[in-house]
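K.L.:
fold the following and give me the result.
(2 chains)
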Amino acid sequence: QLQLQESGPGLVRPSETLSLTCSVAGGSITSTTHYWAWVRQPPGKGLEWIGGISYSGSTYFNPSLKSRVTMTIDTSKNQFSLKLTSVTAADTAVYYCASPHSSCWFAPEFWGQGILFTVSA
Amino acid sequence: ETVMTQTPLSLSVTPGQPASISCKSSQSLRHTDGRTYLYWYLQKPGQSPQLLIYEVSNRLSGVPDRFSGSGSGTDFTLKISRVEAEDAGIYYCLQAIQPLTFGGGTKVEIK
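P.N.:
Residues are numbered from 1 along each chain as shown, chains lettered A, B, ... in the order given. Sure thing, here's the model as predicted:
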């Protein structure tokens, strides 16, 4: 079974950039053409899809975040990454990375444990 | 963007009793390829979400058969035939046609 692990700083100041990396174990990122996902969950709230990236580097983003989001993938390290610029308190959330289900280009199947990212001065 | 509306917001169920969660989408989830991209997840307390059901009614391997999904077009339902204590948590529906959107969640509490 795939295992995913998010990593990155837990605290960033307003207007700075969030940078997170997802490391994948137990399988290769290149084993599927489907999209690896980032999803976030503000404290006590529901889930929000941020976007997805394929192993070829093709991306799709949530329109509400598109102007601030970049995703990259490093197949040699079996990792993919998220950058979110100009963060505000509204970006405080648990950020999850997830692998795609075989039935669909985008639907997440296995999720990482999540990492809490806080925006605070 | 497709809006996903789940009801009820919360549910308190006695073990052994059934439970039902509704998920309605603002537009049809039947894709031009003929498939319907509606998914159900369970987030147990303190855990990451786990996929239960894909494409409306297909249980993921290892998901107990007391869980069933049904529906079409814009109306979908997740049913638990006999709730067990381990079923507690928040259930989310997801539509996987770009851009992806989740329902607001239904909290299931076990009495």
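K.L.:
once you drop chain neighbours, what's closest to B:Phe102?
P.N.:
Nearest residue to B:Phe102, sequence neighbours excluded (CB to CB, 6 or more residues apart in numbering or on different chains): A:Leu47, at 4.4 Å. C-beta here means a position set from N, CA and C on the backbone, and glycine is covered the same way.
K.L.:
tell me the residues of chain A that contact chain B?
P.N.:
A:39, A:46-49, A:60-63, A:96, A:101, A:103-114 (CB under 8 Å from any CB of the partner chain).
K.L.:
element containing the most centrally placed residue in chain A, please.
P.N.:
With distances taken as CA atoms, centre = their mean, A:Trp38 lies nearest the centre of chain A, 2.8 Å away. Using DSSP states H and E, A:Trp38 maps to strand A:36-41.
K.L.:
in its sheet, what does the helix or strand just after that strand sit against?
P.N.:
Using DSSP H and E, the helix or strand that directly follows strand A:36-41 along the chain is strand A:48-53. Here strand A:48-53 has these sheet partners by DSSP bridges: strand A:36-41 (antiparallel), strand A:59-61 (antiparallel).
K.L.:
pLDDT averaged over the longest one, what's the number?
P.N.:
Per-residue pLDDT over strand A:36-41 has a mean of 98.
K.L.:
may I have that strand as CSV, with CA atoms only?
P.N.:
Taking C-alpha atoms only, strand A:36-41 is exported to CSV below (Å, rounded to 0.1, in the frame of the first residue of the first chain):
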residue,chain,number,x,y,z
TRP,A,36,-1.5,13.4,-7.4
ALA,A,37,-3.5,15.8,-5.2
TRP,A,38,-3.2,18.4,-2.6
VAL,A,39,-6.3,19.0,-0.3
ARG,A,40,-6.6,21.2,2.7
GLN,A,41,-8.8,21.4,5.7
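K.L.:
need the contact partners of that strand.
P.N.:
Residues outside strand A:36-41 that contact it (CB atoms under 8 Å, 6 or more residues apart in numbering or on different chains): A:20, A:22, A:24, A:29, A:47-55, A:71, A:73, A:80, A:82, A:91, A:93-100, A:106, A:108, A:111, A:114, B:49.
K.L.:
what residues does chain B put near chain A?
P.N.:
So chain B meets chain A at B:1, B:35, B:37, B:39, B:41, B:43, B:48-51, B:54-55, B:58, B:60, B:92, B:94, B:96, B:98-105 (CB under 8 Å from any CB).
K.L.:
got a quick PyMOL command for the buried subset of these?
P.N.:
Per 16 or more other CB atoms under 10 Å in any protein chain shown, the buried members of those correspond to this PyMOL selection:
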select buried, chain B and resi 37+39+41+43+48+49+50+51+54+55+60+92+94+96+98+99+100+101+102+103+104+105
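K.L.:
which of the residues of chain B next to chain A fall in helices?
P.N.:
Among the residues of chain B next to chain A, no residue falls in helices (DSSP state H).
K.L.:
settle this for me: B:Leu42 is touching B:Ala88, isn't it.
P.N.:
No - the pair B:Leu42 / B:Ala88 is not scored as a contact, 9.1 Å apart, by CB atoms under 8 Å.
K.L.:
more neighbours: which of the two?
P.N.:
B:Leu42 (22 against 15; other CB atoms under 10 Å in any protein chain shown).
K.L.:
show me what contacts the more buried one?
P.N.:
Contact partners of B:Leu42, counting by CB under 8 Å, 6+ apart, are B:49-50, B:52, B:87, B:89-92.
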